[in-house]
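K.L.:
quick one, fold the following:
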Amino acid sequence: MAAVKKTRASPPVYQLRVELAEIQPVIWRTLWVPGTIKLSRLDRVIQSAIGWTNSHLHEFTIDGRRYGMVDVDGFDEGELLDDRKFTLSKVLGSLVHEFMYEYDFGDGWRHHITVQDRLAANEYNNWPVCIAGENAGPPEDVGGSYGFAGFARIMRDPTHEEHLDMWRWHGGPFDPRGFDISAVNDRIRRLR
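P.N.:
So this is what the prediction gives:
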């Protein structure tokens, strides 16, 4: 009798809801990402979905473990695992449904990430893509949720004494409700 060859199922595609903490109105994105994606790459996808530029450090906290950019000189506090060595499916498995991601430790942008679904991988969904979202992401270096609230208030008021300076700093107008899914997916596509 011929031996039966076992085939390993492809890792799923995860549907993730990424939501910035401590921001009103809520800024969120729904992403499809393959289970084979490295956490270091997921970091870049999330940043692209929000509109950030990879200018700061980041860290994932998943099932009690921390993953991020390991300091080659060994100055990391605590046990930080190298996010370049772990795939999303490896760290999530089938049991983890929520985890945290933090970007820019100075501004402290914390993201709650919820696994909304695990989809079968196919030729149409095996790369990262944003499928939905709402509201514009905060600009880089705006000062966290408190700084962003002040920035948004000043940008809404053209008579505010700091409006022109803030407009120049930002490089133009800011629409807090603005969300362009095509632009988001263009940024994600450029990561390939």
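K.L.:
distance of the closest residue in space to Asp82 that isn't next to it in sequence relative to Phe99?
P.N.:
Distances taken as Cβ to Cβ, 6 or more residues apart in numbering place Val70 nearest to Asp82, at 4.4 Å, with adjacent residues excluded. Backbone N, C-alpha and C define where each C-beta goes, glycine included. Distance, Val70 to Phe99, by Cβ to Cβ, to the nearest Å: 19 Å.
K.L.:
between the two, who's got more neighbours?
P.N.:
Phe99 (21 against 15; other Cβ atoms under 10 Å).
K.L.:
quick check: the more buried one touching Gly64?
P.N.:
No - Phe99 is not in contact with Gly64 according to Cβ atoms under 8 Å; the separation is 10.0 Å.
K.L.:
what are the ranges of the helices in this protein?
P.N.:
39-50, 88-92, 144-156, 163-170, 181-189 (DSSP state H).
K.L.:
now render those as a markdown table, adding distance to Asn135, mean neighbour count and mean pLDDT.
P.N.:
Below are the helices of the chain laid out as a markdown table (distance: least, Cβ to Cβ, whole Å; neighbours: other Cβ atoms under 10 Å; pLDDT from 0 to 100):
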| stretch | distance to Asn135 | mean neighbour count | mean pLDDT |
| --- | --- | --- | --- |
| helix 39-50 | 10 | 22 | 98 |
| helix 88-92 | 25 | 20 | 95 |
| helix 144-156 | 10 | 16 | 95 |
| helix 163-170 | 16 | 13 | 96 |
| helix 181-189 | 12 | 15 | 97 |
